[in-house]
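Novice: When you get a sec, could you give me coordinates for this:
(chains A and B)
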There are 2 protein chains.
Amino acid sequence: MLNFNFYNPTRILFGKGRLDSIDQMIPADAHVLITYGGGSAKKYGTLDKVKSVLGNRKVQEFGGIEPNPHYETLVKAAEIVRREGIDFLLAIGGGSVIDGTKFIALAASYSGEALDLLRYGFTPIGTDTVKTAIPIGTVLTLPATGSEMNCGGVISYEQGKYPVFSELVFPRFSVLDPALTYTLPKIQVANGVIDAFVHTTEQYITYPVDGRIQDRISEGILQTLIEIGETTIAEPENYDARANLVWSATLALNGLICAGVPQDWASHMIGHELTSLYGIDHGQTLAILLPSLLEIRREQKRAKLLQYAARVWNITEGSEDDRIHSAIQKTREFFERLGVRTRLSDYNIGEDQIPVIVGQLKAHGMTALSETQDLSLDISQKILENAL
Amino acid sequence: MLNFNFYNPTRILFGKGRLDSIDQMIPADAHVLITYGGGSAKKYGTLDKVKSVLGNRKVQEFGGIEPNPHYETLVKAAEIVRREGIDFLLAIGGGSVIDGTKFIALAASYSGEALDLLRYGFTPIGTDTVKTAIPIGTVLTLPATGSEMNCGGVISYEQGKYPVFSELVFPRFSVLDPALTYTLPKIQVANGVIDAFVHTTEQYITYPVDGRIQDRISEGILQTLIEIGETTIAEPENYDARANLVWSATLALNGLICAGVPQDWASHMIGHELTSLYGIDHGQTLAILLPSLLEIRREQKRAKLLQYAARVWNITEGSEDDRIHSAIQKTREFFERLGVRTRLSDYNIGEDQIPVIVGQLKAHGMTALSETQDLSLDISQKILENAL
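Specialist: As a prediction, this is how the structure comes out:
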C-alpha cells in the first residue's frame, strides 16, 4: 500500500426531505448567492424550496452555469460576489454547477487575475496562492461527478479543460436527496452511472499495491452500479436504486478509493478533448474511451484486469486473455445497455479527426498519461483508433 | 436506504515515516500535553521521536492511561491541562489512550462537574452542554477501535462503561504508520482484528435496507480481515498485511459503513459488562459474544446472515439454516485461529455468573438492545448461556 493523506470535511445530509437542514448549516446573517445551471432547478421547484428554507437571509441568484462551466461565466459571478459582499455560495445542480461554484469561491477571494487559478494544472493550489475562499454548500440534483464531496473542479477555457483543486473549496455541507434527481433526463442519469463507474476504474484498474480494502471498496462501487444502473434509468422514482447511485457516485470520487493506490485518469484526459472539440457529453467520452484503453493497456494492467474480471464480473474460466477480453466486453455491453454508445463512429467522428484530437492532447501537455506516466501521444492515438 | 448524516473532518496521515508530518499539524506556539498508556510508547521510542518532531514547543507528558480508561485517571489529566494552560493534546496509543484523551479534551474545557459528561449515555453531547474542547492529534500504535478517526470514546467509571460522543473531539489529525505497531504483543493484534471485525458486523449483520454500497464496503472489510488476520499476527513486520489491518480497522468505525443502515451493538454492550466484571479484554468479549448472539438472533438477522454466508465466506450450498450455521461456525473458527478463545468457560466463567452479568446489564439500562431494540434481558441471558 502506498503512503497517503486523507482529508474530507464535507458534511453529508443524505435522504428524503433533507432540504430543511440547510437552515442550520448557513449563518442566519449570511448574504447568499444561489448558483444554478440551465433552469431545471427553477422549473422543478428546488430553487423555490431552497429560498423558502433560507427565510429572511439576503439571497441573490446566479443562473446559467453551463455544462463544462466556462471561465467567462464564472468570473462574472465572482465579480457579483465581490461587488455585493456575498459571503456564502449555495450551488444547486450537478458537477458542472458545483465545479463552477468552487471556482467562483476562489476567484472572488483572489486578489490577482482569476486566470492564474487555471495555470496550475494538476498542482493543487497551495495556501500561498489563495488564502481564503467564500464558503460553499451544495444541493445535488445530478449524481455523477462526486464534486459534492471533494475539493476539485474542471473549468473550461478556450479549447481546454483545466482542473482546479483547493482544500478551501470542500463544500461545508451537501444535501443529497435522491428524490431531487427524479426529474433528470434518462441520458443524464446514464452519463452519471458511467461517470461514477469510470471514476472508480481510474483508481482501481492500474497495478496492484496490496491495497486490499481500497480494491474491495472500488469493486463494491462497480458491483453496485452494475446492479442498479439499468433500474435507476428505467425507474427514476425507485428510491433505493437512485439512493445507491447517488451515494456510490459520491464515494467514487471523495478521496477514499484513491487513498494509498495508483491512479490512471487517461480516459478522462483524452475524453476532455472530445468534449472540448465536439461537445460530446463527459460520460459519453468515458464510455468510448475506457473499453478501448483497457484493450490497448492490457499488459500494463493485466493483474488488475484479471482481478476486475473475477471479482466484478465473476469471470473465472478460460485463459487470462480470454478473461480480460470478456471483462472488457461486458463493460462495453453494460454501457450500451444504459443507452450510451461506445464508439467514436457512433458520434460521427471518423479517422480523419484523430490527428486533431492528438494535436490537442499535445497542445495541453498530455504526453505522459496514466498510472505509469508512459501513455504517450502514440498510445493515445492507438486508443482513439481502436475506439473508432 | 435510511436517511443519514456523515461528517468526519479528521486528517489521516498514513504510511511509513509519517511522524515528521506532525510538525505541520500543531501550531508552532502550542503548549502540548502528550498522553500515553502503560509505557510501550516510551519503551519503543515513539515518544522520543514525537518529542523530537515537536522541537521547541513546550511539551508535557501524561502517561499511565490504562486499558478501559478510568474516569479518575482522566480528570487528573484534565486538571493538569487547565492548570498548565495546555492547548493541544497529542495521544500516542490505541483506543484506550485516544478515548481517554477525548474525555480529557472535553473535561478540561467544561465548566461543570466532569461526571456530567458520562450522564448522557448514548445521547451525543450537544454544543449546548460542551461548547469547546482542547484540540487533539493522535499517533496510533494499536489498530483496533477506530477511535483515531471518530468522535466517540468509552470511559470506565465504577462498575460501568460509558460512551461519550462529541464532534468537538474528532482528532484534527491522526498519524497511522503501520510500522509503529510492529512491537505489539500478538494477543493485542488478535484482539484488534476481532474488534474491527465485530465493529463491522454490528453495522452489517442486522436487517436489509438496500444499502448496497454500505454492505459491499462492510463485506470488503470483513474479507480483508479474514485474508490478513493470521498473517499479520504471525508476521508482525509484514508491512502490507499490517497496513491493511490498520486502514480496515479505521474504516470499520469512522461513520462510513453505518451511514444509512441499522446498527446492532448488543455484542458490545454485553461485552462491556464482561470487561467491567472480569477484566476480559474487549476483543475477547466480542469473540465470545458474537457467535453466540448470531445463533440466538438468527431469525431477526436471517436475510443478512445468508448474505454474510454467501459473500464473505462463499457459502452457497445447503439449506438456509445450514448456510447460516456454517457462517457462524467459520466466524468462530476464525477467531480461534487468531488465538482468541470464544467460550465463557475458556475464561473460567461458569453458569453461576450469568445472573450477575444480567444484573449488571439491568443496572445499566441495557434492557432493549440491538437494531430492533427488542433484545431483552431474557435474550441476553440466552446469549450468555449459549456462550458457556
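
Novice: The helix or strand of chain A with the lowest mean pLDDT and chain B, any residue contact?
Specialist: One helix or strand of chain A scores below all others by mean pLDDT, DSSP states H and E: strand A:160-165, with a mean of 86. No: using C-beta under 8 Å from any C-beta of the partner chain, no contact is recorded between strand A:160-165 and chain B, whose separation bottoms out at 15.9 Å. Yep, even glycine has a C-beta here, placed from its N, CA and C like the rest.

Novice: List the strands paired with the next helix or strand after that strand, with their directions.
Specialist: Next helix or strand after strand A:160-165 toward the C-terminus (DSSP states H and E): strand A:173-176. Sheet pairing for strand A:173-176, assigned by DSSP bridges, gives strand A:11-14 (parallel), strand A:136-140 (parallel).

Novice: coming back round to it: may I have the least confident helix or strand of chain A exported as PDB, CA atoms only?
Specialist: Output in PDB follows, covering the C-alpha atoms of strand A:160-165 (Å, rounded to 0.1, in the frame of the first residue of the first chain):
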ATOM      1  CA  GLY A 160      -9.100  23.400 -22.900                       C
ATOM      2  CA  LYS A 161     -10.400  21.900 -19.700                       C
ATOM      3  CA  TYR A 162      -8.400  22.800 -16.600                       C
ATOM      4  CA  PRO A 163      -8.500  21.100 -13.200                       C
ATOM      5  CA  VAL A 164      -8.600  23.300 -10.100                       C
ATOM      6  CA  PHE A 165      -8.000  21.900  -6.600                       C
END
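
Novice: Buried deepest among the strands paired with strand A:173-176, which one?
Specialist: Counting by mean count of other C-beta atoms under 10 Å in any protein chain shown, strand A:136-140 has the highest mean neighbour count of the strands paired with strand A:173-176, with a mean of 27.

Novice: outside of it, which residues touch it?
Specialist: A:19, A:22, A:25-26, A:46, A:50, A:88-94, A:98, A:101-102, A:105, A:147-148, A:169, A:171-177, A:180-181, A:246 (C-beta atoms under 8 Å, 6 or more residues apart in numbering or on different chains).

Novice: quick one, helices of chain A?
Specialist: Secondary structure of chain A, counting by DSSP state H: helices at A:22-25, A:40-43, A:46-54, A:71-84, A:95-109, A:186-204, A:212-234, A:239-251, A:266-278, A:282-296, A:302-313, A:320-337, A:354-363, A:377-386.

Novice: Of these, which is nearest chain B?
Specialist: helix A:212-234 (2.7 Å; C-beta to the nearest C-beta).

Novice: Next one: the closest one, is it in contact with chain B?
Specialist: Yes: contact of helix A:212-234 with chain B (C-beta under 8 Å from any C-beta) involves A:212-217, A:219-221, A:223-224, A:227-228.

Novice: Please dump these into TSV; it should also carry pLDDT for every row.
Specialist: As requested, these are exported to TSV (pLDDT from 0 to 100):
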residue	pLDDT
A:R212	98
A:I213	98
A:Q214	98
A:D215	98
A:R216	98
A:I217	98
A:E219	98
A:G220	98
A:I221	98
A:Q223	98
A:T224	98
A:E227	98
A:I228	98
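
Novice: so which of those residues comes closest to A:Y157?
Specialist: A:I221 (31.1 Å; C-beta to C-beta).

Novice: wait, what's in contact with that closest one?
Specialist: Contacts here follow C-beta under 8 Å, 6+ apart; on that basis A:I221 touches A:A196, A:T200, A:S248, A:L251, A:A252, A:I257, B:I213, B:R216.

Novice: Can you say which of those are buried?
Specialist: A:A196, A:T200, A:S248, A:L251, A:A252, A:I257, B:I213, B:R216 (16 or more other C-beta atoms under 10 Å in any protein chain shown).

Novice: and the gap between the second one and A:R172?
Specialist: Spelled out, it's A:T200. 26 Å (C-beta to C-beta, to the nearest Å).

Novice: That's all I had, so thanks and see you.
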